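*Asks:* Predicted model and sequence below, questions to follow.
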Amino acid sequence: MEQTSEASRVLIVEDDERLAELTRDFLEKNGLVVSLETNGAHAVERIRDETPDLVVLDLMLPGEDGLAICRRVRPFYNGPILMLTARTDDLDQVLGLEMGADDYMSKPVRPRVLLARIRALLRRISEPSAQAGGGSTQSGSDSAPERLVFNNLVVDHSMREAWLDDESIDLTSAEFDLLWLLASSAGRVLSREEIFTSLRGIEYDGQDRSIDVRVSRIRPKIGDDPVHPRRIKTVRSKGYLFVRDV
């Protein structure tokens, strides 16, 4: 399929060359521009030099594993990272999210499901998110505001940035999306099912812990107390509530 200058660029970091090539061919037939890296030791440099729109990162790699790579690139790379793992242990998935991964899939991966996840992640960084519902707002039109202000916390959707006391907050792409979703629904409890479906575009299975992990990472970043949170509250058996005025 002929590529255009607007096609999204994906870097696949996978040591199984045959699998990586088959995946590349399938994704390119569906309009993506794909490059490959089979050695974990070279992955950080490739991500830094190429700044792809999205990285598909295998957990088990020669040279350097996916968790270490994810941790090393997050200070300079804000694009989505989709982690692949052959393990079924929840701990690996939680660790991946804590290192900054945006999503994860268990091997063997079905190509069409992988493509759907990639497209969902790319949409999250290119399209407006949920409509706003609380806090002071700033917008140039009658549409949903692009900036929400909660005292010393500012969240800007168009810039995909947030500030606390005028200091930029270091957020991954997935963390920003979750913060925006919660902040734009301030004063309303969002269930895990609603959050999961909105952010990942698939049905919640009742066991995925990614939302809880991300909330726990966001809280200290926005000045919230991780033990006794006042800004993002856990509503037992219901979900999460972003409090307008703290």
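*Replies:* Everything's here; your move.
*Asks:* Nearest spatial neighbour of the spatially most central residue of the chain, chain-adjacent residues omitted?
*Replies:* Nearest to the geometric centre of the chain sits Ala174, at 2.3 Å (CA atoms, centre = their mean). Leaving aside its chain neighbours, Ala174 sits nearest to Asp102 (3.8 Å; criterion: CB to CB, 6 or more residues apart in numbering). C-betas here are computed from N, CA, C, even on glycine.
*Asks:* so how far is Pro80 from the one you found?
*Replies:* Using CB to CB, to the nearest Å, Asp102 is found at 4 Å from Pro80.
*Asks:* Overlap of the contact sets of those two?
*Replies:* Taking CB atoms under 8 Å, 6 or more residues apart in numbering as the criterion, Asp102 and Pro80 both touch Leu121, Ser173, Ala174.
*Asks:* can you give me the mean pLDDT across stretch 162-175?
*Replies:* Across stretch 162-175, pLDDT averages out at 90.
*Asks:* The helix or strand of the chain with the lowest mean pLDDT: what's the following helix or strand?
*Replies:* When the helices and strands of the chain are scored by mean pLDDT, DSSP states H and E, strand 136-138 comes last with a mean of 54. Per DSSP states H and E, strand 136-138 leads on to strand 147-150 as the next helix or strand towards the C-terminus.
*Asks:* elements contacting that following strand?
*Replies:* If contacts are counted by 3 or more CB pairs under 8 Å, 6 or more residues apart in numbering; DSSP states H and E, strand 147-150 sits against strand 136-138, strand 153-156, helix 173-183.
*Asks:* which other helices and strands contact the longest one?
*Replies:* Packing contacts for helix 173-183, counted by 3+ CB pairs under 8 Å, 6+ apart, involve helix 111-124, strand 147-150, strand 153-156, strand 161-164, helix 192-200, helix 210-221, strand 239-242.
*Asks:* about what we covered before: I'd say the residue nearest to Ala174 and Leu82 touch.
*Replies:* Yes - with contact defined as CB atoms under 8 Å, Asp102 counts as touching Leu82 (6.5 Å).
*Asks:* Mind checking which of these two has more residues around it?
*Replies:* Between Asp102 and Leu82, counted using other CB atoms under 10 Å, Asp102 has the larger neighbour count: 28 against 22.
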